[in-house]
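> build me a model from this:
(2 chains)
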Protein chains: 2
Amino acid sequence: VTVVLLSGGTGGAKLARGLLDVAGDELVVVANTGDDVEMYGAHVSPDPDLVTYWLADRIDARGWGIAGDTFHVMDELRALGVDVWFNLGDRDLAICLQRAQRLGDGLRLTEAIIELTQALGVQARVLPMTDLGVRTRVRTGGEWLGLQEFLIRRAGAGPLEDVTYRGAEQAAPTAEVLTAIRDARAIVIGPSNPILSIAPILALDGMRAALRNADAPVVAVSPIVNGAVLKGPTAICMEWAGQPCSAAGVAAFYGDLIDGLVADEPVAGVAAIMTPTLMDDPTARRRLAEQTLGLAESLGG
Amino acid sequence: VTVVLLSGGTGGAKLARGLLDVAGDELVVVANTGDDVEMYGAHVSPDPDLVTYWLADRIDARGWGIAGDTFHVMDELRALGVDVWFNLGDRDLAICLQRAQRLGDGLRLTEAIIELTQALGVQARVLPMTDLGVRTRVRTGGEWLGLQEFLIRRAGAGPLEDVTYRGAEQAAPTAEVLTAIRDARAIVIGPSNPILSIAPILALDGMRAALRNADAPVVAVSPIVNGAVLKGPTAICMEWAGQPCSAAGVAAFYGDLIDGLVADEPVAGVAAIMTPTLMDDPTARRRLAEQTLGLAESLGG
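You can find the predicted model right below:
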């Protein structure tokens, strides 16, 4: 039996940490890999790593990267005149270099990530959504950009003119992901950006069908907290998707894919519980995880 | 007009630093690349980098790597369970990652190294002996090993059963190397291991002919100091080569390739000057460089 969480970065990763307290090693996080980037000889997987660092209690207070990490490799690259737009800590880089090494050895991305998360002492499973290359790209100001480029170089500033999940229609979820979904007692869509973090997962060949056919209910947690977006370009994404930037908009975006919604504002037309969704400490993360699984349980599974 | 130094690691690199004081930007170091290794997504060039760090006054007191460098990437790789036998500092790694990046961009090794040495503020030119892959391999205990593996994992311990410079006969020196040799007023063979550091350079297709045809005299500096080897497996290498581990053995190994020898012991049968060859401070390095160029000048060129 599993508890499956579909997750992007920060919001989903925090909920993953809460779910770890509640579900322990039943937890399987299916992480978006649409942001993956190859650079510095490394394979950078921002969302799987953010989830992993949260689950390993190694996330830095700044909200990304490894606690207490240094940036000496990037400093030296800058000194050499390299345009270092993606800042990766030294220990973070080691993990990404080792992932590239293992992919070069012939491992699937799933195997490489399982190996790394185990080496980091994570009890839950972190699975990339697919072993194949899916790349989320956005158009802004007439220009197509990779997602991390958009988030970092453009600070995620819009207007958002288009979004594409390149390769997603040709990429299936892995056998590990499909098995976890089939065996789930609850499937949770984390409070990550619906368009940039969750939609790439849903765009995979066969993913929506797998979720529809699962025995477990699908419950989403709204990323809108106190009527606002905590981090990242969710507002312009919702606008691009033609939805209000509210829990109702999130529910409408997911449509009949979800059986329930957890939000801090009332939502009509879907089974919902209303509860504070800010996850700024371990207690809040655990409580939100408990309530989310409570909603799933009440919906039958 | 150039002053050309054929160099391996420590001894040659120290002499390079002395020659920089004397010859300034006339200095062209032709560095052995038979030790190059690809690992951690990086292209590691131990000898060119050792020379570069000496010339940039950034060599660490330990005798390799960059002064004050940290080892956080390697620490994390070890924590992940990787067998880290080649210890590379974080800033050192940045340089090797950037070299791999630029090779991937399509640059020749020569171009990548010139770019890096310029970025590090080195006035002299450091040239890899060739742009092609030459790999020095040694056999010990019946097993063939790459050179860095032999030096690090086996601590350079013999017996040395065989040595090969794989690819050398198919690899020509670069146009930059050949031009530097043609334009030289002095050609110096540095006090590096004759068999493991200098012979790979001499084994290149056309290198001996280029040295023979040069106008400049070729002068070697003996790596034997006070009758002993300061660092590395020179003794077992000389034994394998059938030569005594002495200045006379070094002269015999180079044979008619050299016109003169600098050593701290008398040698018959070759134009030689006898002088202390320990280079443990800037004054000693500069003095030995001056005397070496003095010998070359006296031999005409």
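> ok and the residue in chain A nearest chain B?
Nearest to chain B in chain A, going by Cβ to the nearest Cβ, is A:Gly41, at a distance of 2.4 Å. Glycine gets a C-beta too; all of them are placed from N, C-alpha and C.
> so that residue sits against A:Leu97, correct?
Yes: at 6.3 Å, A:Gly41 counts as touching A:Leu97 under the criterion of Cβ atoms under 8 Å.
> helices of the stretch 151-300 of chain A, start to end?
A:175-182, A:199-202, A:207-213, A:234-240, A:247-254, A:282-298 (DSSP state H, counting those that start in this stretch).
> can you list the residues that contact the shortest one?
If you take Cβ atoms under 8 Å, 6 or more residues apart in numbering or on different chains as the criterion, helix A:199-202 is touched by A:6, A:30, A:32-34, A:129, A:134, A:136, A:163, A:165, A:168, A:173, A:207-208, A:211, A:257.
> mind doing that once more with 10 Å?
Residues outside helix A:199-202 that contact it (Cβ atoms under 10 Å, 6 or more residues apart in numbering or on different chains): A:6-8, A:30-35, A:47, A:128-130, A:134-136, A:147, A:163-168, A:171, A:173, A:177, A:189, A:192-194, A:207-208, A:211, A:237, A:241, A:253-254, A:257.
> ok, of those, which come out buried?
A:6-8, A:30-35, A:47, A:128-130, A:134-136, A:147, A:163, A:165-168, A:171, A:173, A:177, A:189, A:192-194, A:207, A:211, A:237, A:241, A:253-254, A:257 (16 or more other Cβ atoms under 10 Å in any protein chain shown).
> which members of those residues occur in strands, if any?
Among those, the residues falling in strands (DSSP state E) are A:Leu6, A:Ser7, A:Val30, A:Ala31, A:Pro128, A:Arg135, A:Thr136, A:Val163, A:Tyr165, A:Arg166, A:Ile189.
> what sits against A:Ala186?
A:1-5, A:19, A:23, A:26, A:214, A:216-219, A:260, A:292-297, A:299, A:301.
> hmm, 7 Å instead?
The contact partners of A:Ala186, by Cβ atoms under 7 Å, 6 or more residues apart in numbering or on different chains, come to A:Val3, A:Ala216, A:Pro217, A:Val219, A:Leu293, A:Ala296, A:Gly301.
> spell out the secondary structure type for the first one.
Three-state assignment for A:Val3 (DSSP: H, G, I helix; E, B strand; the rest coil): strand.
> what's the burial count for the closest residue to it other than its chain neighbours?
Excluding the flanking residues, the one nearest A:Val3 by Cβ to Cβ, 6 or more residues apart in numbering or on different chains is A:Ala23, at 4.1 Å. Counted with other Cβ atoms under 10 Å in any protein chain shown, residues neighbouring A:Ala23 total 23.
> now swap in A:Pro282 and tell me
Residues lying near A:Pro282 (other Cβ under 10 Å) number 13.
> same deal with the one 3 residues further on?
A total of 22 residues lie near A:Arg285 under the criterion other Cβ under 10 Å.
> same check on A:Gly106?
8.
> please identify the helix or strand for it.
Assigned by DSSP states H and E, A:Gly106 belongs to no helix or strand.
> ok, the lowest-mean-pLDDT helix or strand in chain A: who's next to it in the sheet?
When the helices and strands of chain A are scored by mean pLDDT, DSSP states H and E, strand A:228-229 comes last with a mean of 84. When sheet partners are counted by DSSP bridges, strand A:228-229 sits next to strand A:224-225 (antiparallel).
> just how off-centre is the strand it pairs with within its chain?
16 Å (Cα atoms, centre = their mean, to the nearest Å).
> and what of stretch A:234-250?
18 Å.
> stretch A:277-286 now?
From the chain centre to the centre of stretch A:277-286 is a distance of 17 Å (Cα atoms, centre = their mean).
> please point out which parts of it sit buried.
A:Thr277, A:Met279, A:Arg285, A:Arg286.
> stretch A:246-259 now?
A:Ser246, A:Ala247, A:Ala248, A:Gly249, A:Val250, A:Ala251, A:Ala252, A:Phe253, A:Tyr254, A:Leu257, A:Ile258, A:Asp259.
> same question, stretch A:82-89
Quick answer for stretch A:82-89 (16+ other Cβ under 10 Å): A:Val82, A:Val84, A:Phe86, A:Leu88, A:Gly89.
> now do stretch A:207-219
A:Met207, A:Ala210, A:Leu211, A:Ala214, A:Ala216, A:Pro217, A:Val218, A:Val219.
> just give the nearest non-adjacent residue to the third one, would you?
Right, A:Leu211. Using Cβ to Cβ, 6+ apart, the nearest residue to A:Leu211 is A:Val218, at 5.7 Å.
> can you check the last one too?
Distances taken as Cβ to Cβ, 6+ apart put A:Gly260 closest to A:Val219, at 4.2 Å, once the chain neighbours are dropped.
> and for that neighbour, the neighbour number?
When neighbours are counted by other Cβ under 10 Å, A:Gly260 comes out with 21.
> show me the contacts for it.
By Cβ under 7 Å, 6+ apart, A:Gly260 lies in contact with A:Pro217, A:Val219, A:Val270, A:Ala271, A:Ala272, A:Leu295, A:Ala296, A:Leu299.
> from those residues, pick the one nearest A:Ala228.
Minimum distance to A:Ala228 across the contacts of A:Gly260 is 19.0 Å, recorded for A:Ala272 (Cβ to Cβ).
> OK, contacts around the closest residue to that closest one other than its chain neighbours?
What sits nearest to A:Ala272 in space, not counting adjacent residues and going by Cβ to Cβ, 6+ apart, is A:Leu261, at 4.5 Å. Applying Cβ under 7 Å, 6+ apart to A:Leu261 gives the contacts A:Ala220, A:Ser222, A:Ala247, A:Ala251, A:Val267, A:Val270, A:Ala272.
> quick one on the thing from earlier: and the buried residues of stretch A:207-219 as JSON lines, adding pLDDT?
Formatted as JSON lines, these follow (pLDDT from 0 to 100):
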{"residue": "A:Met207", "pLDDT": "98"}
{"residue": "A:Ala210", "pLDDT": "98"}
{"residue": "A:Leu211", "pLDDT": "98"}
{"residue": "A:Ala214", "pLDDT": "97"}
{"residue": "A:Ala216", "pLDDT": "97"}
{"residue": "A:Pro217", "pLDDT": "98"}
{"residue": "A:Val218", "pLDDT": "98"}
{"residue": "A:Val219", "pLDDT": "98"}
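> would you list the residues you listed in JSON lines and tack on distance to A:Arg153?
Listed next are the buried residues of stretch A:207-219 as JSON lines, based on distance: Cβ to Cβ, whole Å:
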{"residue": "A:Met207", "distance to A:Arg153": "29"}
{"residue": "A:Ala210", "distance to A:Arg153": "35"}
{"residue": "A:Leu211", "distance to A:Arg153": "33"}
{"residue": "A:Ala214", "distance to A:Arg153": "38"}
{"residue": "A:Ala216", "distance to A:Arg153": "39"}
{"residue": "A:Pro217", "distance to A:Arg153": "39"}
{"residue": "A:Val218", "distance to A:Arg153": "34"}
{"residue": "A:Val219", "distance to A:Arg153": "35"}
